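Trainee: just the structure for this:
(one chain, ligands or ions: 2)
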Amino acid sequence: MNNDQLTAEERLSRQKHGLAKVVKHAYNNSPFYRRLFDAAGLHPETVATPESFHKLPFTTKNDLRGAYPYGMAAVPLDDIVRIHASSGTTGKPIVAGYTRSDLDYWAQSVTRICEMAGVTKKDIAQISFGYGLFTGGFGLHYGLERLGATVVPFSSGNTERQLSLMKDFKTTVLVSTPSFAIYMAETARDLGYDPLSFGLKIGMFGGEPCSDAMREEIEKQWGLKVTSNYGLTEVVGPGISGECGQRTGMHILDDLYYHEIINPQTGEVLPRGEAGELVLTPLFKEGFPVLRYRTGDITRIVPEPCPCGRTTPLMDYITGRSDDMIIIKGVNIFPSQIEEVLAAFREVSPHYQLVLLKDKGFIKDLEVQVELAQEGFTDRYKELELLGNRIRQRLRSTLSMSPRLKLMEPKSLERTTGKAKRIVEMEVPDLEK
Ligand code: ADP
Ligand code: ZN
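Mentor: Residues are numbered from 1 along each chain as shown. Ligands and ions are numbered 1, 2, ... in the order given. Below is the predicted model of the structure:
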């Protein structure tokens, strides 16, 4: 039976089975969930069905931080065979522990995502995600290996060597963040290679949003097909949803990961099709189970079925994490909105950064820094001024506020081999003067 083509009844029956199992497991074995159930006056039987599951309180990032390092464990630590952790740029890292069975569950999920992206055992897949506590490298590694593809575990960094091996090994699949794929193309050209000559066929990109404009840019530069895939450490890592090649969104493996979309303000479960925060429950995780985990990622379920014939629901591309939302002068802004505006201008490159200008810790203004696409542009003062005005105008009408804009020399912003850091902060005490 192909799990990507289950009927609605088959899918529901698997979800019921999974929910009953994971809820009981968490209640019986995780002190964290035992406390949470008891405090809410709930018992596994009263919340273990899709109809009643919404009664259970959410689990949040703060809960997991508070449980650092092993407070989420629901098995003896002897049975944990692997630890991963998210980068924890804000506060303590979030730890995830895997049993042997969890690793198998994870690898199975990733294998399905890779198959959907069109990868086969004939492919040579270079993994440029970091290997380490980050789930990206190891996650894709075991899934691709299980599929039978030839895995090149390069890890992140060392871009020049990475490119030269990619050429020699005749790599066909590149696994990385979208921003690293852009950076690699730029480096290839600097080294005198034509990226199109590498023969890459498929890009499996994840870890951060990839706007339509960024996707087109990568496809044009490398001549490959871009596919996005999604996941997060707290739930399992990559392998939760991925694209099939139809550009319709990312298929969620919903026989393995139960999903809900909620109103982030009220917590109410939203009807199918409405945009809100994605809440996930991995149905077969033993080590560090999580129930109703608030991902912070905003998306919606695409109501139309996918022409590919898979019946797994599609989630729309993620525009940004709720953590990345900037509030300036009372206006909510996602970096992706700015990226879309910038992408419409041929004169600027895909490299940009948003600088939060702060005074005594308070955000006072936003500066959009974007690199010019062409060397020497900055000498042509009049043209530069006109371009700046056109971009400012578009930013103003899209964002309903006017950020500052700085046009930078090509290659002046820092490049990344992992997830792009789009937002930085700067203390500027005399801003208004
Ligand atoms: P860290 O928190 O250290 O960045 P994770 O890899 O766990 O580590 O990050 C997961 C987050 O990355 C997700 O919650 C989501 O915000 C983002 N992400 C992952 N894949 C995608 C994707 N395909 N599109 C957009 N955002 C993504
Ligand atoms: Zn599809």
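Trainee: when you work out contacts or count neighbours from here on, use the C-alpha atoms and nothing else.
Mentor: Fine.
Trainee: closest approach to ligand 2 from the stretch 1-150 of the chain, which residue is it?
Mentor: Residue nearest to ligand 2 within the stretch 1-150 of the chain: M116 (7.8 Å; C-alpha to the ion).
Trainee: and that residue, what does it touch?
Mentor: Each residue near M116 by C-alpha atoms under 8 Å, 6 or more residues apart in numbering is listed here: G242, E243, C244, G245.
Trainee: tell me the least confident of those?
Mentor: Lowest-confidence member of the contacts of M116: G245, scoring 92 (pLDDT).
Trainee: which residues does that one contact?
Mentor: Contacts for G245 (C-alpha under 8 Å, 6+ apart) come out as M116, A117, G118, K225, T227.
Trainee: ranking these by neighbours, who comes first?
Mentor: Ranked by the number of neighbours (other C-alpha atoms under 10 Å), the contacts of G245 place T227 first, at 27 neighbours.
Trainee: quick check: bridge partners of that one?
Mentor: As for beta bridges, T227 partners with M204 under DSSP bridges.
Trainee: I'd say it and T248 touch.
Mentor: No: assessed by C-alpha atoms under 8 Å, T227 is found out of contact with T248, at 10.8 Å.
Trainee: thinking again about what came up before, of the contacts of M116, closest to ligand 1?
Mentor: Closest to ligand 1 out of the contacts of M116 is G242 (7.6 Å), distances taken as C-alpha to the nearest ligand atom.
Trainee: can you pull the buried residues of stretch 242-250?
Mentor: Residues G242, E243, C244, G245, T248, G249, M250 are the ones in stretch 242-250 that count as buried (16 or more other C-alpha atoms under 10 Å).
Trainee: ok, the last one to S128 distance?
Mentor: Distance of M250 to S128, computed by C-alpha to C-alpha, to the nearest Å: 21 Å.
Trainee: secondary structure class for the residue nearest to R321 when sequence neighbours are not counted?
Mentor: Distance criterion C-alpha to C-alpha, 6 or more residues apart in numbering; nearest residue to R321, sequence neighbours excluded, is D297 at 4.7 Å. For D297, the assignment made with DSSP: H, G, I helix; E, B strand; the rest coil gives strand.
Trainee: repeat that for E51.
Mentor: coil.
Trainee: in contact with it: list those residues for me.
Mentor: Taking C-alpha under 8 Å, 6+ apart, one finds nothing in contact with E51.
Trainee: now, the contacts of M116 that are in strands?
Mentor: G242 (DSSP state E).
Trainee: go back to the contacts of M116 and keep what's next to ligand 2.
Mentor: For ligand 2, the contacts drawn from the contacts of M116 by C-alpha under 5 Å from the ion are C244.
Trainee: from the contacts of M116, pick the one nearest E260.
Mentor: Set against E260, the nearest of the contacts of M116 by C-alpha to C-alpha is G242 (17.0 Å).
Trainee: and that closest one, what are its bridge partners?
Mentor: Beta-bridge partners of G242, as defined by DSSP bridges: N229, H251.
Trainee: now do D365
Mentor: D365 has the following beta-bridge partners by DSSP bridges: L357.
Trainee: what separation do you get for it and R422?
Mentor: To R422, D365 is 16 Å away according to C-alpha to C-alpha.
Trainee: neighbour count winner among those two?
Mentor: Remark: of D365 and R422, D365 carries more neighbours, 19 against 16, as counted by other C-alpha under 10 Å.
Trainee: picking that back up, most widely separated two among the contacts of G245?
Mentor: It's M116 and K225 that sit farthest apart of the contacts of G245, by C-alpha to C-alpha, at 12.5 Å.
Trainee: quick one: low-confidence ranges for the stretch 1-150 of the chain?
Mentor: Applying pLDDT under 70 to the stretch 1-150 of the chain picks out residues 1, 88-91.
Trainee: could you pull out the helices in it for me?
Mentor: 8-29, 31-39, 44-47, 61-66, 100-116, 135-147 (DSSP state H, counting those that start in this stretch).
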